[in-house]
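Asks: my questions concern the predicted model and sequence given below.
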Amino acid sequence: MASIDSKETNKKVILMGNEALVRGALEAGVQFVATYPGTPASEIGNIFAKIAKPNDIYFEFSTNEKVALEAAIGASFSGLKCLVAMKNFGLNVCSDSLLPFVYTGSVGPTVIAVGDDPSCWSSAQSEENSRGYAYLAHLPTLEPSDPQECREFTKLAFQISAKFKIPVMVRFTTRVAHQKMPVALGKISPINPATGNFVKNPAQFVTMPPRVLAMKTELLEKIEKIKNWAAKNGIDRLEGKIDKQKRGIIASSVSYLYVREAMRELKLNLPVLKINLFYPVDEENIKKYIKNLKEVLVAEELEPYLEKETERLAKVTNPKLKIYGKDVLPAVGELRPEQVVAAVAKLAKKKYVCPAVNLPKEVVKRLPNFCPGCYYRLVLQAIKKTAPEGTIYGGDIGCYMIASLPTYGLADYLSAMGSSIGIGHGIKKTNNQKVITLIGDSTFFHAGIPALINTVFNKSSPLIIVLDNQTTAMTGHQTNPGIGKTGMGEETIALDIEAICRACGVKNIKVIDPINMPEMEATIKEFLEKEEVSVIIARRMCWLLSQSKPR
Amino acid sequence: MKKNISEFNIVIAGVGGQGLITLLRVLSEAAREEGYDVRTSELHGLSQRGGSVEVHLRFGKKIYSPLVKAGSADLIIALEAQEALISCRYAGTKTIFVINNFIQPIPAKSALSIEEITKILKRYSAKIFAVSASQICRQELGNEVVSGIYLLGYASHNNLLGLKPEAIIKALEKSIPPEFLELNLKAFNLPR
C-alpha cells in the first residue's frame, strides 16, 4: 500500500480496485476527499486517512454520506477538485443533495465513487444497482471493470467533470473494488493545497423556482453535449469485427472480463462493444453497432438497463435484431464466469455444458460471528436473560447484525442505517409488546439521532441500546464523531452520546460498561417498565481494536 | 510442472481471520516474479468476521476474469479442512486439494473428521493432500498463524503449484513485514 502515492511510474504495481481508484484521483490532482465507510468502498477512505496529510489533501470521515457529499459540494463551489466515496446505500442517503448538485453543476471537478455489492457479500437491506441513479439524477456515470480502469476512469471522470462542470459517478462493484491486478501508474499531479475561493453566483448555486426549471433545461443540454463529446472521443470501446455470422456482444463492468474469458474458452472471436460510459449512453455508437448484427448478447449484472437501451435503439435501427440478456443471465446475484460462458455459447450456437455445481450435502456455510472477545456478546446475553417473552428486537447496520443470526435470534426487523429506532417507534406506537433496539455509535451519529428525536417528540417508549464500541468497527475501525479524532488524525471534540440523548429530551439514560453484567441486567429490567424512551449506552472499546493498539 | 502456463487457477478457502489475504498477496507477487499476468478476488467486511471465506487467484500469460470458473480450479488450498467442502464448486477431476489437517468446529454442528472430509473430496478428485500444517507449525515454530504459508511451501516444494519456491521466497521478502519475515520463511521451508 505504500506505493499508492509513489512517484515512481516506470513499473506496474499490483493494486486493488479501490487502491487504483485512489491512485487515479491522485494523478488527477484531487484536493478534497470526504467519505463515510461502507464495504466495498471502505479502503478508499482508509487510504486517504493515511496519505492525505503528507500529500496536502484535505480528508474527512464524514458523519454520513449526505454531509460527505455536501462537504464536497461546498468545496467544489469553492473551486476545489473533490472526491466523495461511499457504498451503494450511501448514495440513497445523499440523494437529496445529489439531485440539486447535478442541477447547479460543479465548479471544482467532482467525482462520486460508488460501490455496489451484487450478491450482497457485505450488505444487508437490498441488492442495489446504483446505475439507476444515473437516470434519476442525470448523473454521468463511468463503469470500470478492473483496477487498471479504476485508475483510468477516475482520471477520466475528473476530466469530464472539469470540462462540463457536472459531478461524475464512478460506479463499481465488489468484484472490481476487491480485484487485484498489475496496474500501470501515471504521474501524480502536483497537488495544490486545499484552499478555495467561493465566488458568489446565486444564479448557479440557488435552486429556487423558477430558476430551477431553467437549470434543468441547461442540465439536459449538458448531457447532450457530453454524449456528443463521448462519441467523438471514443469513450466506449469496440473490439473485433463483425463477421458473416453477424453476432456480437455488448458488455459492461466485470461482465466484460467474463465475456473475454468465455471467448477464450469457446475459441470464439466475436466483436464486443464495451460500454464504459453508462450514462449518457452513446446511442449513435450502439445503433451503428447493432445495425449490422443479427443477434446480440447484452452481458451486464443485476437490472437490465443496457439491455433496455439496446431494445429501444434496435426498434429504430434494426427491429429484427435478436437480443439475449436476462433470458440467459440471472437478474439476481453477481454473474459467475461460467454463466457468461454459457450465455456466449448460446449466442454462438456452440455446445457448452455449464459445470454442475454439486456441492456435497455435508457442506455447512460458516456464518460470521462476533470476535472471541467482543463485548457485544455480554450485552446480548444480558438482554436474553432479562427481556420478557414477546419482546420485539430492532436490528441496525454494524457488527451487531450478527445478533440476527440463529445463534442469538435478536433481530425481528432489520433494514437501513438508523431504522432500528425509526421503525421501533412505529411498532411501539401500535403494539403492546416491549421494543428493544440495538444501534452502534457510528450508526447512531449517522442516522439514529433524527429517529431518536422522533420517538421523544411523538411520545414513544422503546428501549434503545447504543452499542458504543468507540469506533466504526465493521468496516475496519474508522473514526467517528464520538472519538475525538478526525479522519486526518487531528484532535477534535468527542461528541457525548449521553449529552445528545439528554438534549433530545430522553430522561432515562445510563452509561454502562458491558462487563458489568448485573448492572446491565437490572437497568434493562428497570427501563423496560418506563413509559418514556430509555437509552442505555453500553460503552467499551471494540475488543479487536483494543488488541491492535495500546489504550 | 512446465513453465509458461497459459492459466493456473487457485481457490483458497478458510475462516475469516486465517490470513487468506496475506496468502493472496504473496502468491500474486510470486506470479509476477515469474513473469505471469495475475488477477485475484477477495472479500472484505462482514463476510470476514469468522465466517467462511474463499479467495481466488489466477495467473498465466493473459488473465481476464478475477474469479475461477466452476469446476476449473487447478489447486484448492483449505486452511480449515471443512471449508474445503464449500470450494468443491470449483473442483474438477484435475483439481489438487491441499487441506490443512485442522478442524475448527462450527457452532451447533457436529464437526466432520479429516477422514470423512477426505472421503467426500475423493468424489471430486483423487489428488488430495491432507497436511498437518497447524500442528507442525505449533510444534516446530510455536505459532499456528503461519500454517497457510506452510501449506504454500508444501504445494510449492512438491510441485503442485506452477510457481517455483525461489519466486515465492522473493515474494515473501517483498510482502511480509520485516519483523515477521523470518518466521514466515521458516514456515515456508519447513515442508521442503
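Replies: Now that the structure is in, tell me what you want to look at. Numbers count the residues shown, from 1 in each chain, chains lettered A, B, ... in the order given.
Asks: show me which positions of stretch B:16-34 end up buried.
Replies: B:16, B:18-34 (16 or more other C-beta atoms under 10 Å in any protein chain shown). C-beta here means a position set from N, CA and C on the backbone, and glycine is covered the same way.
Asks: what do you get for stretch A:403-411?
Replies: A:403-405, A:408, A:410-411.
Asks: would you reformat those as CSV and include secondary structure?
Replies: Output for these, formatted as CSV (DSSP: H, G, I helix; E, B strand; the rest coil):
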residue, secondary structure
A:Ala403, helix
A:Ser404, helix
A:Leu405, coil
A:Tyr408, coil
A:Leu410, coil
A:Ala411, coil
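Asks: returning to that earlier point: filter the buried residues of stretch B:16-34 by proximity to chain A?
Replies: B:16, B:24-25, B:28-29, B:32 (C-beta under 8 Å from any C-beta of the partner chain).
Asks: poorly predicted segments of chain B, please.
Replies: B:1-3, B:45-48 (pLDDT under 70).
Asks: how much space is there between the residue nearest the centre of it and B:Glu83?
Replies: A centroid search over chain B (C-alpha atoms, centre = their mean) returns B:Ile77, at 3.5 Å, as the residue closest to the centre. Counting by C-beta to C-beta, to the nearest Å, the separation of B:Ile77 from B:Glu83 is 10 Å.
Asks: so what sits against both of those two?
Replies: Shared contacts of B:Ile77 and B:Glu83 (C-beta atoms under 8 Å, 6 or more residues apart in numbering or on different chains): B:Ala13.
Asks: returning to that earlier point: take the ones next to chain A among the buried residues of stretch B:16-34 and lay them out in TSV including secondary structure.
Replies: Formatted as TSV, these follow (three-state DSSP):
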residue	secondary structure
B:Gly16	coil
B:Leu24	helix
B:Arg25	helix
B:Ser28	helix
B:Glu29	helix
B:Arg32	helix
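Asks: so the one residue sitting closest to the centre of chain A bridges to which residues?
Replies: Chain A has A:Lys87 as the residue nearest its centroid, 1.0 Å off, counting by C-alpha atoms, centre = their mean. Beta bridges link A:Lys87 to A:Gly115, judged by DSSP bridges.
Asks: I'd assumed A:Val114 was in contact with it.
Replies: Yes. A:Lys87 lies in contact with A:Val114 (C-beta atoms under 8 Å); the separation is 7.3 Å.
Asks: overlap of the contact sets of the two?
Replies: Each of A:Ala41 lies in contact with both A:Lys87 and A:Val114 under the rule C-beta under 8 Å, 6+ apart.
Asks: just list what the helix or strand encompassing A:Ala382 packs against, helices and strands only.
Replies: Assessed by DSSP states H and E, A:Ala382 sits inside helix A:376-386. Packing contacts for helix A:376-386, counted by 3 or more C-beta pairs under 8 Å, 6 or more residues apart in numbering or on different chains; DSSP states H and E, involve strand A:463-468, helix A:517-528.
Asks: turn the ones you listed into CSV, columns for distance to chain B.
Replies: Formatted as CSV, these follow (distance: least, C-beta to the nearest C-beta, whole Å):
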stretch, distance to chain B
strand A:463-468, 15
helix A:517-528, 21
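Asks: and among those, the most buried is which?
Replies: strand A:463-468 (a mean of 27; mean count of other C-beta atoms under 10 Å in any protein chain shown).
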